[in-house]
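1. give the three-dimensional model of this entry:
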Amino acid sequence: MRANSHAEHKAKTYKSSEYVLFIESSLSQAIEINRITKKPVLCTENFEMIFDSESVMYNIKSGKHFPFLRNFALKIRSMLRKWKKSFN
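-> Just a heads-up that it's a prediction; the model follows:
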C-alpha cells in the first residue's frame with residue numbers, strides 16, 4: 001500500500017485467473033488494470049467498460065473474432081450439460 005501499487009497487485013491477480021471481467025471502483029486503476037492484463041474492466045466510478053487493450057483470447061471468447069468458434073463452443077457446452085443431466 002505504501003508503494004501505491006494497488007492496480008499492479010489487482011492486475012497480477014486478475015491476469016493469472018480464469019475470470020474475464022474485473023470490477024473496479026477507481027477509473028485510473030481500471031485503466032491501469034486493463035492495460036496490464038489486456039482484459040476488460042468494469043469501472044463503477046463512471047459505469048464504463050474499459051476494454052481498450054483486449055486480448056486475443058478475450059476477443060475469441062466474446063465472439064468478436066471468429067464468432068463461429070464461440071457459437072460452436074456454446075453448442076458443445078449445451079450438449080454436455082444435457083448429457084450430464086441425463087446421468088443425474
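
2. so the residue sitting nearest the centre point of the chain, which of the three states?
-> In the chain, the residue lying closest to the centroid (CA atoms, centre = their mean) is residue 20, at 1.8 Å. At residue 20 the chain is in coil, as set by DSSP: H, G, I helix; E, B strand; the rest coil.

3. which element is residue 10 on?
-> Using DSSP states H and E, residue 10 maps to helix 6-15.

4. can you give me the mean pLDDT across that helix?
-> Helix 6-15 comes out with an average pLDDT of 94.

5. and the helix or strand that comes right after it, what does it pack against?
-> Counting by DSSP H and E, the next helix or strand C-terminal to helix 6-15 is strand 22-24. Counting contacts by 3 or more CB pairs under 8 Å, 6 or more residues apart in numbering; DSSP states H and E, strand 22-24 is packed against helix 6-15, helix 27-37, strand 41-43. C-beta here means a position set from N, CA and C on the backbone, and glycine is covered the same way.

6. got a list of contacts for the last one?
-> To tie it back to what came earlier, the one meant is strand 41-43. By CB atoms under 8 Å, 6 or more residues apart in numbering, the residues outside strand 41-43 that reach it are 21-27, 30-31, 33-34, 48-51.
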